[in-house]
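**Student:** Here's a sequence, model it:
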Amino acid sequence: MADVTIKVRLDGPYKVSGPAIVRAADGTAVGGGDPEQVAILCRCGRSATPPTCDLSHRRPVDDHPTR
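**Tutor:** The predicted structure is shown next:
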């Protein structure tokens, strides 16, 4: 079985590599358990596509979309 690795990026998202299945609040799966799968997860809270990162952390705070 392959290992799951979570890399914390400075001022950026979490990078989850390996056979992990992450579920959004609505139950939608991100990652399918494939050992080659990579999921990039938001940690800034500004993503329009949570739990995945949409690079909103790179935009100025006043420029992010309102949910």
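
**Student:** and V30, what is it in contact with?
**Tutor:** By Cβ atoms under 8 Å, 6 or more residues apart in numbering, the residues touching V30 are 21-24, 39, 41, 51-52. Bear in mind the C-beta positions are built from the backbone N, C-alpha and C, glycine included.

**Student:** out of these, which are buried?
**Tutor:** Among the contacts of V30, the ones that count as buried by 16 or more other Cβ atoms under 10 Å are 39, 41, 51-52.

**Student:** if I look at the closest residue to R9 other than its chain neighbours, how far off is V61?
**Tutor:** Spatial nearest neighbour of R9, chain neighbours left out: K15 (6.5 Å); criterion: Cβ to Cβ, 6 or more residues apart in numbering. Computed with Cβ to Cβ, to the nearest Å, the distance linking K15 and V61 is 23 Å.

**Student:** And D3, by the same measure?
**Tutor:** In terms of Cβ to Cβ, D3 sits 36 Å off from V61.

**Student:** same deal with D26?
**Tutor:** 26 Å.

**Student:** Between the two, tell me which one has more neighbours.
**Tutor:** V61 (9 against 6; other Cβ atoms under 10 Å).

**Student:** What residues does the nearest residue to that one once chain neighbours are set aside make contact with?
**Tutor:** Leaving out its chain neighbours, the residue that sits closest to V61 by Cβ to Cβ, 6+ apart is R46, at 8.0 Å. Shown in contact with R46 (Cβ under 8 Å, 6+ apart): 56-57, 59, 61, 64.

**Student:** what are the phi and psi values for the spatially most central residue of the chain?
**Tutor:** The structure's the chain has its C-alpha centroid closest to L41; by Cα atoms, centre = their mean the separation is 1.1 Å. Phi and psi for L41, reported as degrees, to the nearest 10, are phi -110, psi 130.

**Student:** Okay, and the beta partners of it?
**Tutor:** Taking DSSP bridges as the rule, L41 bridges to Y14, T52.
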